[in-house]
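*Asks:* coords please:
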Amino acid sequence: MKQGHAFTLLELMIVIAILMILGMITVPRVQEALVSARESAAQQEVHNLYTAQAQYLSQYGRYAVSLTELGPGAGAAGLIAEDLAAGNKSGYHYEIQATVQGYRLSATPLNYPVSGRVTFTCDQTGVLRQARPVSGAAKN
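*Replies:* Numbers count the residues shown, from 1 in each chain. As a prediction, the model looks like this:
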């Protein structure tokens, strides 16, 4: 009868060490990719909100002053999805503020720097601006 080959403790420790080294290399890169993806999604959502505001203006003759006005539901325009109308989506907090000229959209990371490192803003001109928080504090 043949006897199977068993791994020695040293061989197992070497394999575990290699796996730990690979993990230390790949985990930060995966986290960085996730943050970049959330930032790209936030940038796209700000653009979507800008488009929704333009549609709202053409339908109602004024800009919406809240996300709920743009969202689904009774008395709302139905121009954006429910999760975005609630204000939080994919690690970002979205907000509309009325201004004298029109409005200001903002997307702020909920958990800086884990969910994002950049705050995005846009107004009725359609210019997308981005800023990195100085202190690292983000609005919840």
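*Asks:* where in the protein is pLDDT low?
*Replies:* Within the chain, the ranges that satisfy pLDDT under 70 run 1-4, 134-140.
*Asks:* again, only this time at 50
*Replies:* For the chain, the stretches with pLDDT under 50 are 136, 138-140.
*Asks:* helices along that one, start to end?
*Replies:* 9-60, 67-70, 82-85 (DSSP state H).
*Asks:* now do the same contact list for the residue nearest to the spatial centre of the chain.
*Replies:* The structure's the chain has its C-alpha centroid closest to residue 38; by Cα atoms, centre = their mean the separation is 3.7 Å. Residues in contact with residue 38 (Cβ atoms under 8 Å, 6 or more residues apart in numbering) are 90, 91, 92, 109, 115, 116. C-beta here means a position set from N, CA and C on the backbone, and glycine is covered the same way.
*Asks:* the same query, at a cut-off of 6 Å, please.
*Replies:* Residue 38 is in contact with 90, 91, 115, 116, counting by Cβ atoms under 6 Å, 6 or more residues apart in numbering.
*Asks:* leaving aside the residues next to it on the chain, what's closest to the third one?
*Replies:* The shortest distance from residue 115 to any residue that is not its chain neighbour, by Cβ to Cβ, 6 or more residues apart in numbering, is 2.9 Å, and that residue is residue 91.
*Asks:* hmm, residue 110 and the one you found touching each other?
*Replies:* Yes. Residue 91 is within contact range of residue 110, at 5.4 Å (criterion: Cβ atoms under 6 Å).
*Asks:* re earlier: of the contacts of residue 38, keep whichever come out buried.
*Replies:* 90, 91, 115, 116 (16 or more other Cβ atoms under 10 Å).
*Asks:* distance of the first one relative to residue 128?
*Replies:* In other words, residue 90. Distance of residue 90 to residue 128, given as Cβ to Cβ, to the nearest Å: 17 Å.
*Asks:* again with the second one
*Replies:* In this view, residue 91 and residue 128 are 18 Å apart by Cβ to Cβ.
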